[in-house]
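A.B. asks: next comes the sequence, and after it the predicted model I'd like to discuss.
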Amino acid sequence: MKGYDVIIVGGGASGMMTGICAARKGLKVLIIDKQKKLGHKIYATGNGKCNFTNMDIGAQFYLYNGAASDNHYKKDYYIDFVNNFLSVFSNMDTINFFEELGVLRYVRDGYVYPSGEQASSVVLALTRELERLNVDVNINEKVCNIKRIKDKDYLFEILSEYEDDSGKQKKNYKAKNVVIASGGFAGTEFGCSGDGYIYAKELGHTIIKPYPSLTYMPIIEDKKALKNLKGVRFRGIIKSDELEEKGEMIFNEIGISGIPVFQLSGRVNRYGLDTIYIDFLPQYEFDFLISHFEKQKSRMSENMINELFVGILNDRLANYLINKLGFTNKKLKDLNEKDLKFTVSKIKKFKFGVDTNNTFAKAQVTTGGVPVDEVDMNTLESKITKGLYFAGEVLDIDGICGGYNLQWAWSSGYMVGKSIKNKYL
C-alpha cells in the first residue's frame, strides 16, 4: 500500500493550490480526482475567461449566513475568519503567484483575468507546476472511503476505485494528512456531487445544509408568459425580506437571471424565502412617475395604455405588466388617479413567487457545508479529527460574483499546504 505525506481529495482550484504549496515544501503529495481532467470547473469561470481574483477585496464581499444555520457561529467570528485568510494569502499574492507561473493579469472594472482571457491558461499553469514538483495525480478515480487508522507513520487509509478495460478496480493508500477539497454540489453538470460532505460527516463533522448560490431564480409563473419575456433585459432593484441588490437583470424561459439575482440567490435559497420584489424603474421616484404619466395621459387620452410605457420599459415587459395589472385593451382615458397610483406602485414593487426547489445544475457555488468554527482559523485543520484539512467550497464560505470564490480557493489551498508542511517536516 503506497503512502503519502498528504492526499488531496479533489483536483479543482483549491486542491491544485494545496498540492503545489505542500510539494514546494518537500512533501510527498497525491491528488485524486474523479473527473477526466484537473480543474474541470475552472474552465467555465468568468464565462470561460477565468476571473481569478478581484482588485477590491475584503470580508464585505463574502456572505455571512449565520442566521440560516441557527447562528452556528456569530458574524464577528465569520468576518475574522475571512479577514484572516485574506491576510495570509491576499489578492495581490494570487496575482504574483500566477505571474510566477507565467500568467499575466488583465484588469477590467476591478475583475482580474489572465491576459489571454482563457480559463484554460490558468489550469495549464497549475498543472505544469504540479508536474514540475512531481506531484502524483490520479484522475478518473473516485475516493470511496476515508478512515482513521492506528499506524505509527500514518493517520488515514483511503479506499478508491477506478475503471479500466477489465472493469472496476480498487486501490488503497495511506496518508499522514488528508485534505478534502472536493467542492460542493454547485455545477452538477461538471460532476460536482457533494462527496466532501459525506467524507466530512463520516469523520465527525456536522454539515450546514448546502444550497445553490450564484444562480438564477426560477419564478412561479405561467410558462407561456415567461417564454414571452425570455431575453428581456432591464436595470432594476431586486429585494427579498431585508436583502437587496441592484443592476442589470434578464428574464429566461423559467425565471430571472443576472448578477443582482446571483448575489441574492444563495441567501434566498438558504433562508427559505419564497417571494421577491422588483423595482423596474429605480431611477425614478414614485411621485415623478405619477406626474409623468398624468401628463402623457392628458396628451394622448385616446391611445392604448401600453403606449404610456414607450421609451420607458421594454415593450414585452410593459405588455406583461399591463396584463398582470388587469388593464389589457384599456385606453389611457379609462385610467383614473387610483389606477395610475396602482400602476406605479406595482412597477416600483412587483411581486414574484420563487420556486424554492432550485437545483444546483446551473449554480456557480454552494452556500453551506462544513462550519468554519469546526476548523482551525489559521491552518484549516479539523478541530475534531487530527490530520484532516478542508480547502475551498466544501467549507461554509461563499462570496459574491467577481473572483471572490476563486480567491477563497487560492487562499485556503495556500493555508493548508503551508500548514501541513510546518507541522510534519
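C.D. replies: Done, it's in. Here the structure is a predicted model, which means the values were calculated and not measured. Numbering: from 1, shown residues only.
A.B. asks: what about the helices in the stretch 101-250 of the chain?
C.D. replies: Assigned by DSSP state H, counting those that start in this stretch, the helices in the stretch 101-250 of the chain fall at 119-132, 195-202, 223-229.
A.B. asks: could you list the domains of this protein?
C.D. replies: Domain segmentation of the chain under automatic domain parsing yields 2-212+360-424, 216-358.
A.B. asks: give me whichever of those domains is most buried.
C.D. replies: Among those, domain 2-212+360-424 has the highest mean neighbour count (mean count of other C-beta atoms under 10 Å), at a mean of 20. All C-beta atoms are positioned from the backbone trio N, CA, C, and that covers glycine.
A.B. asks: mind putting the helices of the stretch 101-250 of the chain in TSV, distance to Gln169 and mean pLDDT included?
C.D. replies: As requested, the helices of the stretch 101-250 of the chain are exported to TSV (distance: least, C-beta to C-beta, whole Å; pLDDT from 0 to 100):
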stretch	distance to Gln169	mean pLDDT
helix 119-132	24	97
helix 195-202	19	96
helix 223-229	47	87
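A.B. asks: among the ones you listed, which is nearest Thr94?
C.D. replies: helix 119-132 (10.7 Å; C-beta to C-beta).
A.B. asks: so what touches that closest one?
C.D. replies: Helix 119-132 has contacts (C-beta atoms under 8 Å, 6 or more residues apart in numbering) with 16-17, 19-20, 23, 31, 37-39, 42-46, 48-50, 52, 98, 101-103, 114, 137.
A.B. asks: do you know how far Gly27 is from Lys338?
C.D. replies: Just to correct that, residue 27 is Leu rather than Gly. Look at Leu27 and Lys338: by C-beta to C-beta, to the nearest Å, they are 73 Å apart.
A.B. asks: so which of the helices of the stretch 101-250 of the chain comes closest to Val6?
C.D. replies: With C-beta to C-beta, the closest approach to Val6 among those belongs to helix 119-132: 13.1 Å.
A.B. asks: can you give me the distance of Asp334 to Ser345?
C.D. replies: 18 Å.
A.B. asks: ignore what I typed, I meant Glu99.
C.D. replies: When distance is defined by C-beta to C-beta, Glu99 is 53 Å away from Ser345.
A.B. asks: and for Asn177?
C.D. replies: Applying C-beta to C-beta to Asn177 and Ser345 gives a distance of 59 Å.
A.B. asks: follow-up on the earlier one: need the helices of the stretch 101-250 of the chain in TSV (columns: distance to Lys297).
C.D. replies: Shown next, in TSV, are the helices of the stretch 101-250 of the chain (distance: least, C-beta to C-beta, whole Å):
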stretch	distance to Lys297
helix 119-132	52
helix 195-202	58
helix 223-229	26
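A.B. asks: Glu302 is nearest to which of those helices?
C.D. replies: Ranking the helices of the stretch 101-250 of the chain by their distance to Glu302 (criterion: C-beta to C-beta) puts helix 223-229 first, at 26.6 Å.
A.B. asks: can you show me the CA trace of that closest one as CSV?
C.D. replies: These are the backbone C-alpha positions of helix 223-229, laid out as CSV (Å, rounded to 0.1, in the frame of the first residue of the first chain):
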residue,chain,number,x,y,z
LYS,A,223,-44.7,29.2,-18.8
LYS,A,224,-46.2,31.0,-21.8
ALA,A,225,-45.8,34.3,-20.0
LEU,A,226,-42.2,33.7,-19.1
LYS,A,227,-41.5,32.5,-22.7
ASN,A,228,-42.7,35.9,-23.9
LEU,A,229,-40.3,37.6,-21.5
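A.B. asks: thank you kindly, that will do.
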